[in-house]
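J.: predicted model and sequence below, questions to follow.
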Amino acid sequence: MGCFTFIKVMMILFNLAIFLGGGTLLGVGIWVSVDGQSFVNIFGALSSSVLQVVNVGYFLIVIGSILLVIGFLGCCGAQKESKCLLIMFFSVVLIIFIAEIAAAVVALAYTGLAETLLTTAVTPLLKEKYGTDTSFTEIWNITMNEVKCCGLTNYTDFTGSPWNKENNGYPPACCDNQSPCNETLAAERNVTGCFHQILEEIRTNAGVVGGVAAGIAALEIASMAVSMYLYCHLDKK
């Protein structure tokens, strides 16, 4: 088996795996979007770090669709030795690679902006739904208990919420799981908000996060190099 044939076969197998993985994610995403409650019932522990199951469904659908397209272009491009499909594969992976770098730079440089945007979007939902929307309340309770946090920024996020009005207090997580949790005790305990707590967890595990990011970047660079090798080699055939 020559070098070109070996690389071609590896390209096909690698992108076939990506295609199947994308199909799986797409299927799960559709399931979560259509029947989110059954997903929570089965994978309750896995949903503890998310705020809205439906949003996770949309996220999985987008990621799954992108992986399907990448896997199709790479697999068919290598199998059919199509220069058009190979250059499309290269272009899509390059765009994703650049977007990931841009997102990482923005995330590192504008953490404060991200917090402001999240606060603007999430805090009104907490004041409106916490205590009335059962799924929303349950997911937030699990999140706060697992992450050891309170609200998005602090206990004041729940001020004026249905829960606050009905119980004249705050969720137990805002008082280190002590009940009743009134405003005085919540202010005294001053439990960290979930945004800052999750951010701190990411910083603590920066090595793992960086390793995963570096691994993904290496795979993307390798796939671009292989697709370009096949593209250029086809001119010599």
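T.: Good, I have the coordinates.
J.: least trustworthy helix or strand in this protein by mean pLDDT?
T.: Using mean pLDDT, DSSP states H and E, the weakest-scoring helix or strand in the chain turns out to be helix 36-42, at a mean of 59.
J.: what's the next secondary structure element after that helix?
T.: Using DSSP states H and E, the helix or strand that follows helix 36-42 in sequence is helix 53-79.
J.: from E200, how far off is A186?
T.: From A186 across to E200, the span is 20 Å (CB to CB, to the nearest Å). Placement of C-beta: from N, CA and C, glycine included.
J.: which one's more surrounded, these two?
T.: A186 (26 against 13; other CB atoms under 10 Å).
J.: C-terminal to the helix or strand T120 falls within, what's the next element?
T.: Taking DSSP H and E as the criterion, T120 maps to helix 111-129. For helix 111-129, the following helix or strand on the C-terminal side (DSSP H and E) is helix 134-147.
J.: that following helix - contacts with which helices or strands?
T.: Where contact means 3 or more CB pairs under 8 Å, 6 or more residues apart in numbering; DSSP states H and E, helix 134-147 is packed against helix 36-42, helix 111-129, helix 194-204.
J.: mean pLDDT lowest where, among those helices?
T.: Ranked by mean pLDDT, the helices and strands packed on helix 134-147 bottom out at helix 36-42, which scores a mean of 59.
J.: what residues sit buried inside the host helix or strand of F97?
T.: Taking DSSP H and E as the definition, F97 sits inside helix 83-109. By 16 or more other CB atoms under 10 Å, the buried positions in helix 83-109 come out as 85-86, 88-90, 92-93, 97.
J.: just give the nearest non-adjacent residue to the one residue sitting closest to the centre of the chain, would you?
T.: For the chain, the residue nearest the mean C-alpha position is F59 (7.1 Å; CA atoms, centre = their mean). Excluding the flanking residues, the one nearest F59 by CB to CB, 6 or more residues apart in numbering is G29, at 7.2 Å.
J.: show me what contacts that neighbour?
T.: G29 makes contact with 56-64 under the criterion CB atoms under 8 Å, 6 or more residues apart in numbering.
J.: so for the top helix by length along the chain, mean pLDDT?
T.: Criterion DSSP state H: the longest helix present in the chain is helix 3-34. Averaging pLDDT along helix 3-34 yields 85.
J.: give me the buried positions along it.
T.: 7-8, 11-12, 14-16, 18-19, 22, 25-26, 28-29, 32-33.
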